[in-house]
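Undergrad: predicted model follows, preceded by the sequence.
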There are 2 protein chains.
Amino acid sequence: MNDNNIIETFLHPKSVAVIGASKNPMKGGHRILKNLVINNFEGKIYAINPNSSGEVFGLPFRKSISDIEEEIDIAIFYVPNRLIPKILEDCIRTNVKGAIIEASGFEEIGDEGMKLKNQIVKITDNFSKIRIVGPNCMGLTTINHSSDADNKGGFFSSFLVFEEYKRGNIAIISQSGMLNGGYLTHLIQKYPGLGIRYSCSIGNKMDISELEYLEYFLKDETVNVITIYLESFKNPRKFIELCRRAKNHPKKTIIFVKGGLTEQGQQATVSHTAAISESEILTEALIKQASIIRANSFFELFEYARTFSMIYDSNKRLPEKGSLGIIVGSGGAGTILADLTKKYGFVLPRLSDNSYNILEEIFPEWMPPNRFALVDIWPAMEKAMTTKSNPNDVMKSAFKAILEEPKIEGLIDFMFCSRQFRPMSNVNVLLNVIEQYSKPVFFFLIGEKKEVEYVGRKLSEYNIPSFSNLESIAKNFRVLLDESRSLHKFNSM
Amino acid sequence: MNDNNIIETFLHPKSVAVIGASKNPMKGGHRILKNLVINNFEGKIYAINPNSSGEVFGLPFRKSISDIEEEIDIAIFYVPNRLIPKILEDCIRTNVKGAIIEASGFEEIGDEGMKLKNQIVKITDNFSKIRIVGPNCMGLTTINHSSDADNKGGFFSSFLVFEEYKRGNIAIISQSGMLNGGYLTHLIQKYPGLGIRYSCSIGNKMDISELEYLEYFLKDETVNVITIYLESFKNPRKFIELCRRAKNHPKKTIIFVKGGLTEQGQQATVSHTAAISESEILTEALIKQASIIRANSFFELFEYARTFSMIYDSNKRLPEKGSLGIIVGSGGAGTILADLTKKYGFVLPRLSDNSYNILEEIFPEWMPPNRFALVDIWPAMEKAMTTKSNPNDVMKSAFKAILEEPKIEGLIDFMFCSRQFRPMSNVNVLLNVIEQYSKPVFFFLIGEKKEVEYVGRKLSEYNIPSFSNLESIAKNFRVLLDESRSLHKFNSM
């Protein structure tokens, strides 16, 4: 079976067997089953455990995979390491196509684990008889429908049960299981707008590695953003080649974070996934050649992913020259933002007459607007209150002034969210102004917690990213610029 | 009146008059009054507005400050700029000690504003007849009692009404009004553990500047952490001298963020507070001489402030050598943390036999613990589940192993928060282990939103900081090390 077909089978299996199924809720085999069942896996599920009888989640226990006559696409293992070779032999005999091995205790534990690995290589005839995901991983997740839909679910094989999720255009490839476990749960709740299509924990990548998934996602049209965490590269040359190939596909952005950059981190990777990590210098050279976006932490990885995901979903244009407009209600934040956007390569251009005139009308005479693209809206708000005009019209005018300025490629708005001030800055009136332009708009939200959450949710429904940190906002605009420049470079080659 | 006495009067006034008091909830003068009243200002309050009659918040309107016979400490102005000189004359005549001018429209608007300023300098005889805070500011806040106390409140003079707050050991000096407004509201809700004592918006600092507050806070024993945002220095030499003086006081840390570092930011400051900003190079030299902690954004400013605030409140010792221990439930996070702590100057030392033996007992034979101070707890958890021992005892042992290691000065714990996993990692059992040692412990929390909030609140009750970003955790440990090193340098001079 070629690589693309086997990944299709791993991510969209028609039947699965859980090896190590259990009635005990504290056991991984129980939670894997639960994850499949409550998330409406559409195929057949078999529960395998020679020491159990009766049923679990309405599924009868089977002693062995050999007892099943029907065809099985994928076996998911949650049993102690030493039992695995024997059961893999059963799987090969019954023509199971792939195994997801979540148990640890292989190369990462030293000699004994290496012996187990060698045994598996031999049994599988170097993975030609059955393909393997893991070991030492947290399985694969495919989201077909968001958790608030009637037909929620997909294929969920992590031993951490997922209850809330949103389908989107992001695919995750990770050498840390947590990214298909705790992190994902966390991020999905933190960023209600973050929509995921696939999450693949690759573990020790004894057989299947980052490369097969990457190749698959390049061709899968439901994926626009590919996030990757690696501790080591299976084949750096092939990795670079695949990443460069992404430039030929419309709307494919790859974001990458590397673990094990320092000696201290490398010590850690050995006991984690037995990876021999590449150092900072090698990694930097590789990222440059691959022309991908680099993140420094999981947090940045997902913040960038969300940004690209929303930009693609809302059909906004990536900035090319690096010019922005800023609207603030706090002069201090305006100053910090002016510094930060400069630090990250952006200018706030001088406004042309058309835009300046729009602003001049809403500003009081005693405090005319800046001539450059930093609008401190407060005096205009004071004027609106004095003249009893609608402050929301003032905000709309300011947005129009910036978004219509031909020199400007994007807008950052600082919004103070408070029920006291809702009459003065109502997000709803801004949404359709923003929709009329192809320029990306980012919001910085501060204020009352509930109001911040309300506004953030509203914005994310319209694929408009919001942030709670000024430096993050500058960095996230910067990666858009990096991506458009690298696309430009490739297309002019 | 000397500087210290006038700041005492500004922060703890016995009587205040609100100039521009109003019945209209959209007006600043209304909100200032409301802020005073609902937060139980203990002194007398007078509502001044020549165009209003009747009452507001049960206070009768007065036409002018001259109508009041009682002594008034502070007049708070929320009226258009051009009316101010005339009213200031009234204030001087009636011996008001200080004025907080929140209105804008002075130096920052150009010639006309400069004229107004000069008029005020003349009327006040160069601020000898009355002292002035602002103009163009958001007032002063003194928190005597947290908002959940029966006797909540203090002195609240911002035109943004505060409803939730916690008294603590942090004082804020800010050239951005928002830091005594929206930011403060936001931060207090975001970090329930963040306790504030004072927040001072200095605006254009026509008279009173950062220097008087700084001097006052050095002597005020309720303050341990002083956070400062400036766009320009009133007197760099004096600023450095005061900051260095902090080293002679126990438990005083100054954290600083500078706006207007780039030309773009400097353009912004002119229209904000009329400040002529110092560039990056000058600022860096000044910070080095002043030996203070530098932050790059408001977010960092408050995250560092919270860290120091909690370290002081819980009597933990600052790290001196730069050695840490890490406990993780995710190998990937362990790797990233090992890289990040290295980047920020920390080592994970080799464990001595005592600590190693504690760990060896909880780990399975097939996966012994690392010899260096990075504990990936997962195999120990699996062993606990197999042997039916209590996973919480396993966590406690891991904490003890690290905290008892003499080479280690602090601990980072990665905690996955989930109701499913509460039996395996219960924060409550760790709290009293942590209390027994003087080493700082930071938590990284991910998982289900509600559970993360629950654990974060629990930790903050014990003055243990928690984070949602691995890089932040490394940075926050780093500033502790910076502070202890600079203290050491001063004390050995």
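TA: The structure has been received and is ready for your questions.
Undergrad: verify the contact between residue A:385 and residue B:29 for me.
TA: No. The criterion here is Cβ atoms under 8 Å, and residue A:385 misses it with residue B:29 at 11.8 Å. (Each C-beta comes from the backbone N, C-alpha and C, glycine too.)
Undergrad: so what's the closest residue to chain B within the stretch 101-250 of chain A up against?
TA: Nearest residue of the stretch 101-250 of chain A to chain B: residue A:176, at 2.1 Å (Cβ to the nearest Cβ). Neighbour list for residue A:176: A:183, A:201, A:229, A:231, A:259, A:272, A:298, B:330-333, B:335 [criterion: Cβ atoms under 8 Å, 6 or more residues apart in numbering or on different chains].
Undergrad: just give me the closest of these to residue B:84.
TA: Using Cβ to Cβ, residue A:298 comes nearest to residue B:84 of the contacts of residue A:176, at 52.0 Å.
Undergrad: the residue lying closest to the closest one once chain neighbours are set aside and residue A:408, how far apart?
TA: Nearest residue to residue A:298, sequence neighbours excluded (Cβ to Cβ, 6 or more residues apart in numbering or on different chains): residue A:183, at 6.1 Å. Using Cβ to Cβ, to the nearest Å, residue A:183 is found at 36 Å from residue A:408.
Undergrad: ok, and what's touching the least confident helix or strand in chain A by mean pLDDT?
TA: Ranked by mean pLDDT, DSSP states H and E, the helix or strand of chain A with the weakest confidence is helix A:182-190, at a mean of 78. Residues outside helix A:182-190 that contact it (Cβ under 8 Å, 6+ apart): A:141, A:160, A:162, A:164-166, A:172, A:176, A:194, A:196, A:199, A:298, A:302, B:329-330, B:416, B:418, B:446-449, B:452, B:468.
Undergrad: packing partners of the helix ranked longest in chain A?
TA: For chain A, the helix with the greatest residue count under DSSP state H is helix A:470-491. If contacts are counted by 3 or more Cβ pairs under 8 Å, 6 or more residues apart in numbering or on different chains; DSSP states H and E, helix A:470-491 sits against strand A:293-294, helix A:298-313, helix A:331-343, strand A:441-447, helix B:298-313.
Undergrad: so for residue B:434, which of these sits nearest?
TA: Minimum separation from residue B:434 across those (Cβ to Cβ) falls at helix B:298-313, 11.8 Å.
Undergrad: so that closest one versus strand B:441-447, what angle?
TA: Here helix B:298-313 runs at an angle of 130 degrees relative to strand B:441-447 (axes from the mean of the first three to the mean of the last three Cα atoms, to 10 degrees).
Undergrad: tell me the helix or strand right after helix B:298-313.
TA: Once the chain leaves helix B:298-313, the next helix or strand it forms, by DSSP states H and E, is strand B:325-328.
Undergrad: can you list the weak-confidence ranges in chain A?
TA: Counting by pLDDT under 70, chain A shows low-confidence ranges at A:1-4, A:423-425, A:493.
Undergrad: before we move on, the earlier item: can you tell me how far the residue of the stretch 101-250 of chain A closest to chain B sits from residue B:414?
TA: From residue A:176 to residue B:414 the distance is 11 Å (Cβ to Cβ).
Undergrad: which residues are common contacts for those two?
TA: B:330, B:333.
Undergrad: buried residues in stretch A:9-21?
TA: By neighbour count on 16 or more other Cβ atoms under 10 Å in any protein chain shown, the buried set for stretch A:9-21 is A:9-13, A:15-21.
Undergrad: what about that stretch and chain B, touching?
TA: No. Stretch A:9-21 stays clear of chain B (Cβ under 8 Å from any Cβ of the partner chain), getting no nearer than 12.6 Å.
Undergrad: likewise for stretch A:327-336?
TA: Yes. Contact of stretch A:327-336 with chain B (Cβ under 8 Å from any Cβ) involves A:329-336.
Undergrad: how far does that stretch sit from its chain's centre?
TA: Distance of stretch A:327-336 from its chain centroid, counting by Cα atoms, centre = their mean, to the nearest Å, is 30 Å.
Undergrad: what's around residue A:431, how many residues?
TA: 15 (other Cβ atoms under 10 Å in any protein chain shown).
Undergrad: wait, residue A:300
TA: Residue A:300 has 21 neighbours, counted by other Cβ under 10 Å.
Undergrad: output the set of residues of the stretch 101-250 of chain A in proximity to chain B.
TA: Residues of the stretch 101-250 of chain A that fall close to chain B, judged by Cβ under 8 Å from any Cβ: A:104-105, A:108-109, A:112-113, A:160-161, A:174-179, A:181-183, A:185-186, A:189-190, A:229, A:231.
Undergrad: write the PyMOL selection for whichever of those residues are buried.
TA: The following PyMOL line selects those of those that are buried, judged by 16+ other Cβ under 10 Å:
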select buried, chain A and resi 104+105+108+109+113+160+161+174+175+176+177+178+179+181+182+183+185+186+189+190+229+231
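Undergrad: closest residue of the stretch 251-400 of chain A to chain B?
TA: Going by Cβ to the nearest Cβ, chain B is nearest to residue A:332 of the stretch 251-400 of chain A, at 2.1 Å.
Undergrad: now for that residue: which residues touch it?
TA: By Cβ under 8 Å, 6+ apart, residue A:332 lies in contact with B:174-179, B:229, B:231, B:259, B:272, B:298.
Undergrad: same thing but 7 Å
TA: Contacts for residue A:332 (Cβ atoms under 7 Å, 6 or more residues apart in numbering or on different chains) come out as B:175-176, B:178-179, B:229, B:259, B:272.
Undergrad: got it, and residue A:109?
TA: B:366-367.
Undergrad: domains of chain A?
TA: A:3-133, A:140-313, A:325-491 (automatic domain parsing).
Undergrad: residue A:234: what secondary structure?
TA: Classification of residue A:234 using DSSP: H, G, I helix; E, B strand; the rest coil returns coil.
Undergrad: contacts only, for it.
TA: Residue A:234 makes contact with A:205, A:209-211 under the criterion Cβ under 7 Å, 6+ apart.
Undergrad: now, those residues that are in helices?
TA: Short answer: the contacts of residue A:234 in helices (DSSP H) are A:210-211.
Undergrad: pick out whichever of the contacts of residue A:234 sits closest to residue B:70.
TA: residue A:210 (76.0 Å).
Undergrad: thinking that closest one is in contact with residue A:228, fair?
TA: Yes. Judged on Cβ atoms under 7 Å, residue A:210 makes contact with residue A:228 at a distance of 6.2 Å.
Undergrad: anything in contact with each of the two?
TA: residue A:173.
Undergrad: and the closest residue to residue A:139 other than its chain neighbours, how many neighbours?
TA: Closest residue to residue A:139 apart from its sequence neighbours, by Cβ to Cβ, 6+ apart: residue A:157 at 3.6 Å. Neighbourhood size, residue A:157 [other Cβ under 10 Å]: 28.
Undergrad: thinking again about what came up before, any idea how far residue B:387 is from the residue of the stretch 101-250 of chain A closest to chain B?
TA: 27 Å.
Undergrad: in which helix or strand does the nearest residue to residue A:65 once chain neighbours are set aside reside?
TA: What sits nearest to residue A:65 in space, not counting adjacent residues and going by Cβ to Cβ, 6+ apart, is residue A:90, at 4.9 Å. Element membership of residue A:90, judged by DSSP H and E, is helix A:84-93.
Undergrad: beyond that helix, next helix or strand please.
TA: Helix A:84-93 is succeeded, C-terminally, by strand A:98-101 (DSSP H and E).
Undergrad: partners of that following strand in the sheet?
TA: Note on strand A:98-101: by DSSP bridges, its sheet partners are strand A:74-77 (parallel), strand A:131-133 (parallel).
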